[in-house]
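[1] got a sequence here, can you build the structure:
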Amino acid sequence: MTEKKIRILDSAVEDQLLSYVQKPARYIGGEVNQIRKDLDKCALTVGLCFPDTYEIAMSNTGLGVIYEVLNRMDGVAAERVFAPWLDAETVMREKRIPLFSLESSAAAADFDVLGFSLTTELCYTNVLNMLDLAGLKARSVERKEEDPIVIGGGGMANCGEPLADFVDLFVLGEGEEAAVKLAELLIEMKKARASKREMLLETARRFEWAYVPAFYEFEYDSKGIRSFTAKVEGLRTRFENAVVEDFENAPVPERPIVPFVQAIHERVSVEVMRGCPGRCRFCQASFCRRPVRYRSPERAFEIARKQWETTGFDTVSLLSLSTADYPELEELVKKLNEFFTDKHVGISLPSLRVGQQLKLMPYFSQAVRKSGMTIAVEAGSERLRKIINKPITDEDLFVGVGAAYQAGWQSVKLYFMAGLPGETDEDIVRIAELCAELGRLRKKVAGRNGSITAAVSWLVPKPHTPFGWCGQKSREYFQRVKRLLIDEKMRLNARFVEFKFHEIERSVLESAIGRGDRRLGNVIEVAWRNGAKFDLWNECFDYAIWEKGFAKFGMDLEEVAQKEFSADEILPWEHLGGPKKVYLREHYEEAVAQVRG
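    As a prediction, the model looks like this:
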């Protein structure tokens, strides 16, 4: 790795950018609790890149953890690099201001490493755009020896083949310990004046969670992938997720950065549990993030107390894939309540399920904010919930929501999914019926209907799940579901029910990219060059750009999204961590048997 002088762009940022953008605070850094080191005196410099705006990036707890663990290391500096919004990008391109970090206004291209948090399939064009803004080539094969090592981590690393031509190294699984081990290795090899290729090869050999796509190749035929092989002798062809064994003592930010611009989530965030006891067959996280581990109530409380003291946030959020499954929930909430009530700090439980834990909500009434409650029901009928392995009964749902109304809740937000295997019109209509019944349930308690918001998304078959073999339903199917639900709501005269529907075209694109192989890199690059970026934002998303991108390479976007994989087919993601294929297939076959009755 070539030694280089890091350019500091503070004068250009201050003089030529900040006065010309709508929210200059997105780009200045200097927030309370930020960490800034002398980059020239550090053995390794890392740009932690988030391919979305400041407000989204600052709400990502994983980014905060990696920022903490790397900056705890002597000789390592980690600085934040976020995607500039459209107004800032225009100015930066016109005035040739390269992408820069927040802490030091350092040129991103001058860091040793650029690590991207890959949280969704729809951020991929922003990754390419940020590399380009930094002055780097998008494709790794075209980058120079002195350019940074580009790393991809986060949930999408487990299905990252569509980005394989642009990313040097994928880190699979949990990042706290992997980031430290990788940083130590890179420092060691940098001192030995190893080349970038030598660094990547040693990383690939040493760590089972490290995937360097350039060292591997696929062979394709008309049906899909024929083979996956290593181009370098001795390299593994099956990778495993990094796992933090001692979750109790895993590092967390005790002094989180306090954003200058209001973030999507401004709160004390305490991860109480990692992994999920459930196995919902559509959920990638529940199958990939294993095993289930817990933090003790004492440790969780101490994290909350320290973060509150150093930030002043007015909400403590208990995070996990399923917080209601945390076995010490009641004890922890009581402990938090005793400390925070007189400080006007509320407790947020963002991930609830019905059943025994939800029945305990009246005991939490003093501590838990009661403006609204969120429950992921997923399917309208019990039959369909069994197929997707979501063990919720209507009886438990009504008892739980009734208890919440008794405790003072006025509104309920329900999450549903359409396009599930075995779904019928009756299942769809039942969603509207269930919402109406749950809203009217409050009238028995408080004399007026509850407010029900039903968020309906469209099934995106995910890699590393039993439903990963399934094809997605068509756009026309989803449009028909919307009409069925709205018509049934009107028939029931359920004005207190509000349906919110996910963008259908985005879900189609998610399905097409998420289960794609390496050949989709060409599509992503063409879409980006034709203007695709910020695909999660309504004002930016342009489905037609993606349709044309797929067509350029002889593919139909919707046909790709609806592709069904055969049982013996090599899946584009099966080498990238996650459960073994045979285990997922058993789940899939069980679901098929339940559909057939």
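[2] what's the offset of the strand or helix carrying Tyr405 from the middle of its chain?
    Following DSSP states H and E, the helix or strand that holds Tyr405 is helix 394-406. With CA atoms, centre = their mean, to the nearest Å as the basis, helix 394-406 stands 30 Å off its chain's centre.
[3] what mean pLDDT does that helix have?
    Helix 394-406 carries an average pLDDT of 86.
[4] list the buried residues for it?
    For helix 394-406, the neighbour count (16 or more other CB atoms under 10 Å) marks Asp394, Asp396, Leu397, Val399, Gly400, Val401, Gly402, Ala403, Ala404, Tyr405 as buried. Where you see a C-beta, it was placed from the backbone N, CA and C, and this is true even at glycine.
[5] quick one: the last one and Arg440 touch, right?
    No. Contact criterion CB atoms under 8 Å: Tyr405 and Arg440 do not qualify, at 10.9 Å.
[6] list the residues that contact both of these two?
    Gly450 (CB atoms under 8 Å, 6 or more residues apart in numbering).
[7] so where do the helices sit in the stretch 201-350 of the chain?
    With DSSP state H, counting those that start in this stretch as the criterion, the stretch 201-350 of the chain has helices at 284-288, 297-311, 329-340.
[8] then the last one to CSV, C-alphas only?
    These are the backbone C-alpha positions of helix 329-340, laid out as CSV (Å, rounded to 0.1, in the frame of the first residue of the first chain):
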residue,chain,number,x,y,z
LEU,A,329,-37.7,-7.0,29.4
GLU,A,330,-39.9,-6.3,32.4
GLU,A,331,-37.0,-6.0,34.8
LEU,A,332,-35.1,-3.7,32.4
VAL,A,333,-38.0,-1.4,31.7
LYS,A,334,-38.7,-1.0,35.5
LYS,A,335,-35.0,-0.2,36.1
LEU,A,336,-35.1,2.4,33.3
ASN,A,337,-38.3,3.8,34.5
GLU,A,338,-37.0,4.3,38.1
PHE,A,339,-34.1,6.3,36.8
PHE,A,340,-35.6,8.3,33.9
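[9] got the buried residues for that helix?
    Under the neighbour-count criterion of 16+ other CB under 10 Å, helix 329-340 has Leu329, Leu332, Val333, Lys335, Leu336, Asn337, Phe340 buried.
[10] dump those residues into CSV; add pLDDT and distance to Thr465 as well.
    What follows is the buried residues of helix 329-340, written out as CSV (pLDDT from 0 to 100; distance: CB to CB, whole Å):
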residue, pLDDT, distance to Thr465
Leu329, 88, 26
Leu332, 92, 30
Val333, 88, 31
Lys335, 93, 35
Leu336, 92, 34
Asn337, 88, 37
Phe340, 92, 37
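[11] farthest pair in the residues you listed?
    Using CB to CB, the buried residues of helix 329-340 reach their maximum pairwise distance at Leu329 and Phe340, which is 15.8 Å.
[12] what comes up buried for stretch 377-395?
    Residues of stretch 377-395 classed as buried: 377-381, 383-390, 392, 394 (neighbour count, 16+ other CB under 10 Å).
[13] sort these by pLDDT and name the bottom one.
    Minimum pLDDT across the buried residues of stretch 377-395 is recorded for Ile392, with 87.
[14] these two touch, right, that residue and Lys386?
    No. At 9.7 Å, Ile392 does not count as touching Lys386 under the criterion of CB under 8 Å.
[15] hmm, back to that, of the buried residues of stretch 377-395, which belong to helices?
    Taking DSSP state H, the ones among these that sit in helices are Arg383, Leu384, Arg385, Lys386, Ile387, Asp394.
[16] where do the helices of the stretch 451-597 of the chain begin and end?
    Counting by DSSP H, counting those that start in this stretch, the helices of the stretch 451-597 of the chain are 475-491, 504-514, 520-529, 543-552, 557-561, 581-596.
[17] Ala242: which of those is closest?
    Among the helices of the stretch 451-597 of the chain, the nearest to Ala242 by CB to CB is helix 581-596 (19.7 Å).
[18] so which elements touch the closest one?
    Applying 3 or more CB pairs under 8 Å, 6 or more residues apart in numbering; DSSP states H and E, one finds that helix 581-596 contacts helix 382-387.
[19] give me that answer again for 10 Å
    Secondary-structure packing of helix 581-596 (3 or more CB pairs under 10 Å, 6 or more residues apart in numbering; DSSP states H and E): helix 284-288, helix 382-387.
[20] for Ala204, which of these is the nearest?
    Set against Ala204 and scored by CB to CB, the helices and strands packed on helix 581-596 come closest in helix 284-288, at 20.6 Å.
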